[in-house]
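Enquirer: Show me how the following folds:
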Amino acid sequence: MGESTDRTRKPRFIIHTPEPSCGAALYVSELVKALAEARAPVVLFCPANFEYQREARKAGAKVVLAPSRPVTPASLAARILRNFKFVAQTASTQYRLTQKGDIVHFQFPVHLPLGFVFLLLVFVRGGSVVLTAHDPVPHKWRFPGFLRSFEQKMLHWFYGLCNQIIVHNESGKEVLVRKFKVPANRISVIPHGPIFDGTPTASYPAFHPLRLLVFGAIRENKGVHLAIRAVQMVNSDSRLRVRLTIAGFPVHPRYWTECKQLVAKAPDYFDVIERFTPDAEVPPLLTRHHAILLPYLDFSSESGVAALALGNRRPILATRPGGLGEILTQCNCGIPIESPTVESVAQAIRDAIELGPERLLAMGIDGRRFLTKTRSWGFIARETRRVYARMTHEFMNSPNVSDVTEKMRAPKDEMKETIPQCTSSATSIDFGKVADPIVPESMNRSLPSFLIIGPARTGSSWLHQVLSEHTALPRQKETYFFDSRFHRGIDWYRACFEKAEENRCIGEVAPTYFASTEARERIARTIPDAKVVCTFRNPVERVWSLYRLRRAHARIPWSFEEAMVRDPELMETSRYATHLKAWQTALGRDQVLVTMYEDLRSDPQSYVDRLADFIGVARFPIAKEHFKYAYSSEGEKLAYPRNQHVMRIARAAADWLVDQRQFTVVSTMKKLPFTGRLLSSGKAFEKLSPETLLKVHELLRPEVEQLEAILNRDLSLWKIPHQ
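Expert: This next block holds a predicted model:
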């Protein structure tokens, strides 16, 4: 089913990087070599001055060269001009290189907004995008402070347009989910591989003094100033001696000037190598030191320096931000610095001196063993190919809906592992680390007293229209507060109802809440007296309707059969009995009203009367203009998008406008006549085949039978395949 696809040509994996040298180029080289050695159809698209192109070709990768990209120090204006020149010269090459179905994997993309050029070229050519977000939040924002919000929004857009994003640790994933609202099912965690996988000498230099190394780009977040002051503090005690080498290029000159002023107070304690260290000099440099010092401050990335150290059998003394904490927890490879303070760094240095050379060396060996066992480049290549595979039709190998039947019948605890919780337009997100707001009783008056929680495609848009004239609802139907925007706080949510009339009952129509465990728990804590309304519909009709909506809006690219396996929302929101019981347990049976979509269709007025009685609103007659929309989901003219990527861009823009509460702009754009012609192909969806229809009915039958028992209502019509 679905749009025809070209299955005659296998997709290629194009690794796109503008970085010609340093650690970024080395990382790309190692990944490309590992993919090529695994016989993946990998193409490296890199600048002509890429240092490791020979190694990539030798491993079997095809290399396509863009113009050279200089990265030598220059003024801001000069850097901007040469980036513009590089993009202009490179765009045509990428356009010719990318073909329909290719997966383009961006590594260290060109700074935004120029980076959007390459991203959009992939979409125009019919490719898909994978991004490795090495630094989910930049170490230093590049725009002036007054443009910071725009720079953040550009990064938000960039992440939103990517089909899949790879991060190196769970901390990075949490940042993308919480700060940038990236759905969790579009993020894969693949660790950083060892930068050097050779076998340097394991012997240590003389241990008096202890020799520590701060290595890599010098900037504020790496805490170089803490290292300098800590060494001075330790050496103030004549019984303890330590010498620190600082080797790196100063990215932030002003900060480095401050560090050098600190060094000047006791220069005998320090060696300074103020330049980029060539690859050939790195192993000898590491061998001259006992451990690597990483007193990082604000950091959400994986440390390439840590991978470099452990890959060369040198332990680390490190704080815990980003991926450093995970490494220190998973193996005995170093000494944790408990907080980014001079005192804590000094204590870690004292601990290293007390351990002595043999135990420090054992830590380094354990670290190398850990990387070799769990983070080898072969392992990383396999995990990266899994990400690619999920984006191709080959991965499913003609998927069959019945493959997930047993998962749907599995016990609830097993379901948590096999099918992640998901909501309508954004995956259900764990904000467990965000403190739940404490809501004073006096504030509850400005919070909803009722919630219509869906699930989706059960008349919720129609109900929002009807109820908006008699209750106080948010101007936009869904706020997504309790499932994906809870971190914004109660004040943000209250502001959604700030224009509510005092004499009106406050509520929200929010179909994404039904299948969200987080939403249910937060509602039970925040507004425990709220009344909740569920509307159930023939689950096969509903899941087919939801699929068409998601496909038409380019939220998924798959045929119905594939989507039933690959899109957890379709199946999770169909578990009527399971989620109903959970809502009844959380709020009490008296606070949960169950209604039927069939009742809405057959007698809208009676349906609304029953709803009004339950939520405490005086009965009202439905306006005549609303009657004709009561079955709007059946009458919608949903069609395949004209272009999957253009539709995704339009939807991302609309989501951002909604996020800014520009509801009128979104509504106006939707009504413009050319919008539909631009975004929709006009090609209607085919009907389900009898075989697929039967399989879906069998898949959902257990939940239907449980719901019959709960409601004591005959639902036999839901068990008969028909369309």
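Enquirer: residues making contact with stretch 25-35?
Expert: Stretch 25-35 is contacted from outside by 13, 15, 17, 19, 42, 44, 46, 50-52, 55-56, 59, 61, 107-108, 134, 192-193, 195, 197, 279, 304, 377-378, 380-381, 384-385, using C-beta atoms under 8 Å, 6 or more residues apart in numbering. (Glycine included, C-beta is placed from N, CA and C.)
Enquirer: which of these count as buried?
Expert: With burial judged by 16 or more other C-beta atoms under 10 Å, the buried subset of the contacts of stretch 25-35 is 13, 15, 17, 19, 42, 44, 46, 50-52, 56, 59, 61, 107-108, 134, 192-193, 195, 304, 377, 380-381, 384-385.
Enquirer: So which of these sit within strands?
Expert: 13, 15, 42, 44, 46, 107 (DSSP state E).
Enquirer: Which pair of those spans the longest distance?
Expert: Based on C-beta to C-beta, the longest span within those runs between 13 and 46 and measures 14.0 Å.
Enquirer: Tell me the first helix or strand C-terminal of the helix or strand bottoming out on mean pLDDT in the chain.
Expert: Every helix and strand of the chain was ranked by mean pLDDT, DSSP states H and E. The lowest is helix 412-418, at a mean of 38. Next in sequence after helix 412-418, counting helices and strands by DSSP states H and E, comes strand 450-454.
Enquirer: helices and strands around the helix or strand following that next one, which ones?
Expert: The first helix or strand that comes after strand 450-454 along the chain, using DSSP H and E, is helix 460-467. Secondary-structure packing of helix 460-467 (3 or more C-beta pairs under 8 Å, 6 or more residues apart in numbering; DSSP states H and E): strand 450-454, strand 507-509, helix 624-627.
Enquirer: could I get those as JSON lines with mean pLDDT and mean neighbour count?
Expert: Listed next are the helices and strands packed on helix 460-467 as JSON lines, based on pLDDT from 0 to 100; neighbours: other C-beta atoms under 10 Å:
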{"stretch": "strand 450-454", "mean pLDDT": "94", "mean neighbour count": "26"}
{"stretch": "strand 507-509", "mean pLDDT": "95", "mean neighbour count": "27"}
{"stretch": "helix 624-627", "mean pLDDT": "74", "mean neighbour count": "11"}
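Enquirer: Out of the ones you listed, flag the one nearest residue 274.
Expert: Short answer: strand 507-509, nearest of the helices and strands packed on helix 460-467 by C-beta to C-beta, at 58.3 Å.
Enquirer: Quick one: distance of that closest one to the chain centre.
Expert: 28 Å (C-alpha atoms, centre = their mean, to the nearest Å).
Enquirer: mind starting the numbering at 49 from now?
Expert: OK, 49 is where the count begins now, so the last one is strand 555-557.
Enquirer: Neighbouring strands - and their directions - for that strand?
Expert: Strand 555-557 pairs in its sheet with strand 498-502 (parallel), by DSSP bridges.
Enquirer: Show me the contact partners of the strand it pairs with.
Expert: Against strand 498-502 from outside (C-beta under 8 Å, 6+ apart): 472, 508, 511, 515, 519, 553-562, 567, 571, 578-583, 621, 631, 662-664.
Enquirer: next one: stretch 409-424
Expert: Outside stretch 409-424, the residues that touch it by C-beta under 8 Å, 6+ apart are 239-242, 245, 250, 252, 339, 355, 357-364, 375, 378-383.
Enquirer: Take those residues and keep only those in strands.
Expert: 339, 364, 382, 383.
Enquirer: excluding its backbone neighbours, what's nearest residue 59?
Expert: Residue nearest to residue 59 in three dimensions, not counting chain neighbours: residue 149, with 4.2 Å by C-beta to C-beta, 6 or more residues apart in numbering.
Enquirer: Share the number of residues neighbouring that neighbour, please.
Expert: Using other C-beta atoms under 10 Å, residue 149 is surrounded by 20 other residues.
Enquirer: do the same with residue 413
Expert: By the criterion of other C-beta under 10 Å, residue 413 has 16 neighbours.
Enquirer: Would you double-check that it falls in a strand?
Expert: No - counting by DSSP: H, G, I helix; E, B strand; the rest coil, residue 413 is not part of a strand but helix.
Enquirer: Let me see the confidence value for it.
Expert: On the pLDDT scale, residue 413 is placed at 90.
Enquirer: ok, now residue 705?
Expert: With respect to pLDDT, residue 705 scores 66.
Enquirer: same question, residue 553
Expert: On pLDDT, residue 553 comes in at 92.
Enquirer: How many residues are close by the residue nearest to it when sequence neighbours are not counted?
Expert: Excluding its sequence neighbours, the residue lying closest to residue 553 (C-beta to C-beta, 6+ apart) is residue 519, at 4.8 Å. When counting by other C-beta under 10 Å, one arrives at 23 neighbours for residue 519.
Enquirer: Kindly report the same for the one 10 residues further on.
Expert: Counted by other C-beta under 10 Å, the residues lying close to residue 529 total 25.
Enquirer: correct me, but it touches residue 545?
Expert: No - Residue 529 lies out of contact with residue 545 (C-beta atoms under 8 Å); the separation is 10.8 Å.
Enquirer: ok, residue 509 touching residue 526?
Expert: No - taking contacts as C-beta under 8 Å, residue 509 lies outside contact range of residue 526: 9.7 Å.
Enquirer: Quick check: neighbours shared by the two?
Expert: With C-beta under 8 Å, 6+ apart as the test, residue 509 and residue 526 both reach residue 557.
Enquirer: neighbour count winner among those two?
Expert: residue 526 (22 against 18).
Enquirer: and the more buried one, what helix or strand is that in?
Expert: Per DSSP H and E: nothing holds residue 526, as it lies in no helix or strand.
Enquirer: Wasn't residue 294 part of a helix?
Expert: No - under three-state DSSP, residue 294 falls outside any helix and is assigned strand.
Enquirer: How about the secondary structure of residue 582?
Expert: Here residue 582 is recorded as strand under three-state DSSP.
Enquirer: Skip ahead from the helix or strand hosting residue 111 and say which helix or strand is next.
Expert: Per DSSP H and E, residue 111 falls inside strand 110-114. On the C-terminal side of strand 110-114, the nearest following helix or strand under DSSP H and E is helix 124-145.
Enquirer: what pLDDT does the closest residue to residue 586 other than its chain neighbours get?
Expert: Here the nearest residue to residue 586 in space, its sequence neighbours aside, is residue 766; by C-beta to C-beta, 6+ apart that works out to 4.9 Å. Note on residue 766: pLDDT of 92.
Enquirer: what residues are up against residue 123?
Expert: So residue 123 contacts nothing (C-beta under 8 Å, 6+ apart).
Enquirer: how's the chain carved up into domains?
Expert: Using automatic domain parsing, the domain parsing of the chain gives 61-237, 258-419, 497-682+734-767, 692-721.
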